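**Student:** Build the 3D model from these lines:
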Amino acid sequence: MKISEIATRIVDVELAKPIRTAMHDMRSVGCVLLTLRTDDGLEGESFVFTLNGARIQAFNEMVVGLAGLLIDCDPHDTEGIWHRLWTEVNPTGQKGVTIAAMSAIDVACWDLVGKAADLPLHKIFGGCRDVVDTYASSGLWLSTPVESLGAEAIAFVEAGFRAVKLRIGSERIEDDVARVRAVREAVGPDVGVLADANQAFTPKHAIALARRLESSDLVWLEEPVVTHDLRGSSEVRAATEIPIASGETEYTRYGMRDLLQARAADVLMPDLQRIGGYSELRKAAAGAAMFDTPISTHFFTEHSLAIAGATQNCVSVEHIDWFAPLFNEEIEFADGKLRIPDRPGTGFTFRS
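**Tutor:** Numbers count the residues shown, from 1 in each chain. Predicted structure coming up:
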């Protein structure tokens, strides 16, 4: 089997309404959809995205430029392909758009591997579960007024979620304390509540806030400080009983390694686009396992399920509904858990 053709398509998926975090205002997600076709008629698919479609053409150009190197390659050679591309992007930089493009290519290759074997990828990787915990992450944004948070959180619980994530990042500590309390009081003690600061705070602010939030029994506090401040994140982690989650903005296994060595997080959150695809995410998860550290994948709900189904230390997959319009298939969800699809490859195919 050889890769004989590549194709990309740019689509813009509009969000239900404009939303805001401490870092971004968002109206849509622009996506580059990649298809790798083989000489025996199979198609491997994947995608990368940018918020509001910003610089999406640059992502498309990088995907096309790197994927073009794969003509006549056997997609089963995932490790060789990954390292060839890793060397190719060295002069350009091994973070950012280059890694996003590599991720798309790697996932598409693995999708082909699964389809060629007529097996779901989690079985090829080495299955360990059929369902995985999730949490609602498509609401409770910083742009949501505090008086509306309780009703929105209850709606998620009534839909079957057993954990919800809200965004914080206000200038005043009291405002974020009020937001967390509103959600906790609404859902009660038996539903998990997670808080994402989106890198909004200094370490001192984060520590002061975390201490105020300890009574709210958070599952974790996510990205309390800027991602490159590993020492600051480590200081926050040491000063609070709340677990610290981080890693979504780190690149490749080396970014995960740095977090682990700095003791900057209790939970690693690799993002499929930034980590470098399935090949690299599996390495990062194995590295975290060496430190007895759990992972919880960031975004890419549909395509992250293959990893969750084959990674013992993957404790959850973030449920974000933004990308559902891209796919023919729907995620199976019940009682706070996502089912790992048993369809070949990633288990998801793009709508035409």
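**Student:** which residues make contact with the longest strand along the chain from outside it?
**Tutor:** Using DSSP state E, we find that the single longest strand of the chain is strand 3-20. Residues outside strand 3-20 that contact it (CB atoms under 8 Å, 6 or more residues apart in numbering) are 25-39, 53, 56-57, 60, 63-64, 67-68, 70-75, 112, 141-143, 322-323, 325-326. Bear in mind the C-beta positions are built from the backbone N, C-alpha and C, glycine included.
**Student:** Tell me the strands beside it, with direction?
**Tutor:** Strand pairing for strand 3-20, using DSSP bridges, gives strand 25-38 (antiparallel).
**Student:** ok, and for the strand it pairs with, which residues are buried?
**Tutor:** Within strand 25-38, the residues that qualify as buried are 26, 28-38, counting by 16 or more other CB atoms under 10 Å.
**Student:** before we move on, what about stretch 287-297?
**Tutor:** Neighbour-count burial for stretch 287-297, counted by 16+ other CB under 10 Å, picks out 287-288, 293-297.
**Student:** mind listing the helices for this protein?
**Tutor:** 56-67, 78-88, 97-117, 121-125, 146-158, 173-187, 203-213, 230-239, 252-261, 272-275, 277-290, 301-308 (DSSP state H).
**Student:** Tell me how many other residues surround the nearest residue in space to residue 63 that is not next to it in sequence.
**Tutor:** With sequence-adjacent residues excluded and distances taken as CB to CB, 6 or more residues apart in numbering, residue 63 is closest to residue 101, at 4.5 Å. Neighbours of residue 101 under the rule other CB atoms under 10 Å: 27.
**Student:** try residue 24
**Tutor:** A total of 12 residues lie near residue 24 under the criterion other CB under 10 Å.
**Student:** Tell me who's in contact with it.
**Tutor:** Here residue 24 is in contact with 51, 198 (criterion: CB under 8 Å, 6+ apart).
**Student:** One more: residue 317?
**Tutor:** Residue 317 sits in contact with 132-134, 296-297, 301, 304-305, 308, 338, where contact means CB under 8 Å, 6+ apart.
**Student:** burial measure for the closest residue to residue 289 other than its chain neighbours, as a count.
**Tutor:** Leaving aside its sequence neighbours, residue 289 sits nearest to residue 313 (CB to CB, 6+ apart; 4.8 Å). When counting by other CB under 10 Å, one arrives at 18 neighbours for residue 313.
**Student:** Return the distance of residue 313 relative to residue 305.
**Tutor:** Distance of residue 313 to residue 305, computed by CB to CB, to the nearest Å: 16 Å.
**Student:** next one: residue 37
**Tutor:** Residue 37 is 24 Å from residue 305, where distance means CB to CB.
**Student:** Check whether residue 112 really touches residue 344, as I assumed.
**Tutor:** No: with contacts counted by CB atoms under 8 Å, residue 112 stays clear of residue 344, the gap being 9.9 Å.
**Student:** Name the residue in those two with the higher neighbour count.
**Tutor:** Set side by side, residue 112 and residue 344 show more neighbours around residue 112, with 25 against 21, by other CB under 10 Å.
**Student:** Quick one: residues contacting the more buried one.
**Tutor:** So residue 112 contacts 1, 3, 36, 38, 42-44, 75, 345 (CB under 8 Å, 6+ apart).
**Student:** Kindly write the PyMOL command that selects the buried subset of the residues you listed.
**Tutor:** Buried residues among those (16+ other CB under 10 Å), as a PyMOL selection:
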select buried, resi 3+36+38+42+43+44+75+345
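**Student:** Nearest to residue 86 among the contacts of residue 112?
**Tutor:** Using CB to CB, residue 75 comes nearest to residue 86 of the contacts of residue 112, at 16.8 Å.
**Student:** Bridged to the residue minimising distance to the centre of the chain, which residues?
**Tutor:** For the chain, residue 298 is the residue whose C-alpha lies nearest the centre (CA atoms, centre = their mean; 1.9 Å). Beta bridges link residue 298 to residue 271 when assigned by DSSP bridges.
**Student:** wait, isn't it in contact with residue 269?
**Tutor:** Yes: the criterion here is CB under 8 Å, and residue 298 meets it with residue 269 at 4.6 Å.
**Student:** quick one: the residue nearest to the centre of the chain from residue 42, how far?
**Tutor:** 29 Å.
**Student:** Give me the neighbour count for residue 312.
**Tutor:** Neighbourhood size, residue 312 [other CB under 10 Å]: 11.
**Student:** Excluding chain neighbours, give the residue nearest to it in space.
**Tutor:** residue 128 (5.1 Å).
**Student:** wait, which of the buried residues of strand 25-38 is closest to residue 219?
**Tutor:** Nearest to residue 219 out of these is residue 26 (CB to CB; 23.6 Å).
**Student:** residue contacts, that closest one?
**Tutor:** Contact partners of residue 26, counting by CB under 8 Å, 6+ apart, are 15, 18-20, 51-52.
**Student:** will you turn those residues into TSV that also has distance to residue 279?
**Tutor:** As requested, the contacts of residue 26 are exported to TSV (distance: CB to CB, whole Å):
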residue	distance to residue 279
15	31
18	36
19	32
20	34
51	25
52	29
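**Student:** Is it possible to mark the buried ones in these?
**Tutor:** Buried subset of the contacts of residue 26 (neighbour count, 16+ other CB under 10 Å): 19, 51-52.
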